[in-house]
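Participant: Have a look at this prediction, sequence included:
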Amino acid sequence: HVVLQPSLEDIQSAVNGAAKKILNASLEIKRWGQTDLNGDEENRPGVDYDAIGTGSFYDEIASDIEIVKLVLLLTGSVEGVKKMVVEHLKSYEAYDFLYLSNLQEEYAAFIAKKPSLDMFETELMKY
């Protein structure tokens, strides 16, 4: 059999993992410029200045429709290629006799029959 290495499933898994890691990286990116770092902000009632700016961009990025579309396209991209690869691999089935059978044994069995010229021609027409 013809085997793809790495397999399409491995490629799909790597693409999915990369997409997840890129999105999860946004959890570590904190917002800038929205905290009261030096304490000189006016203290407004009900505002927790320590919490302002500590949020990440993850929610914003993960809910952006264009980013969601791109992630879906990226994670589904291998699936489309998989169908094309399977169809292409089918074109090799015509030659599977080269790798599914032992050609030396087949040749020895054929010669042992003491073939005639017609038998040689018939055998060659198979290929």
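Facilitator: Sure, I can see it.
Participant: CA atoms for contacts and neighbours, from now on please.
Facilitator: OK.
Participant: which other helices and strands contact the helix of greatest length in the chain?
Facilitator: Counting residues, the longest helix in the chain under DSSP state H turns out to be helix 65-90. Packing partners of helix 65-90 (3 or more C-alpha pairs under 8 Å, 6 or more residues apart in numbering; DSSP states H and E): helix 8-25.
Participant: mind listing what's buried in the helix it packs on?
Facilitator: The neighbour-count criterion (16 or more other C-alpha atoms under 10 Å) identifies Q12, V15, N16, A19, L23 as the buried residues of helix 8-25.
Participant: how far out from the middle of the chain is the longest helix of the chain?
Facilitator: Here the centre of helix 65-90 is set off from its chain's centre by 8 Å, with C-alpha atoms, centre = their mean, to the nearest Å.
Participant: can you pull the buried residues of it?
Facilitator: Neighbour counts using 16+ other C-alpha under 10 Å place V71, L74, T75, V78 of helix 65-90 among the buried residues.
Participant: how far off helix 8-25 does it point, in degrees?
Facilitator: Between helix 65-90 and helix 8-25, the angle comes out at 170 degrees (axes from the mean of the first three to the mean of the last three C-alpha atoms, to 10 degrees).
Participant: Renumber starting at 264 from here on
Facilitator: Renumbered: residue one is now 264, and that last one reads helix 328-353.
Participant: start to end distance for stretch 359-369?
Facilitator: Stretch 359-369 has an end-to-end distance of 14 Å (C-alpha to C-alpha, to the nearest Å).
Participant: Quick one: residues contacting V278.
Facilitator: By C-alpha atoms under 8 Å, 6 or more residues apart in numbering, V278 lies in contact with L337, T338.
Participant: cutoff 7 Å now
Facilitator: When contacts are counted by C-alpha atoms under 7 Å, 6 or more residues apart in numbering, V278 touches T338.
Participant: picking up where we left off before, JSON lines for the buried residues of helix 328-353, including distance to Q367?
Facilitator: Output for the buried residues of helix 328-353, formatted as JSON lines (distance: C-alpha to C-alpha, whole Å):
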{"residue": "V334", "distance to Q367": "51"}
{"residue": "L337", "distance to Q367": "47"}
{"residue": "T338", "distance to Q367": "46"}
{"residue": "V341", "distance to Q367": "39"}
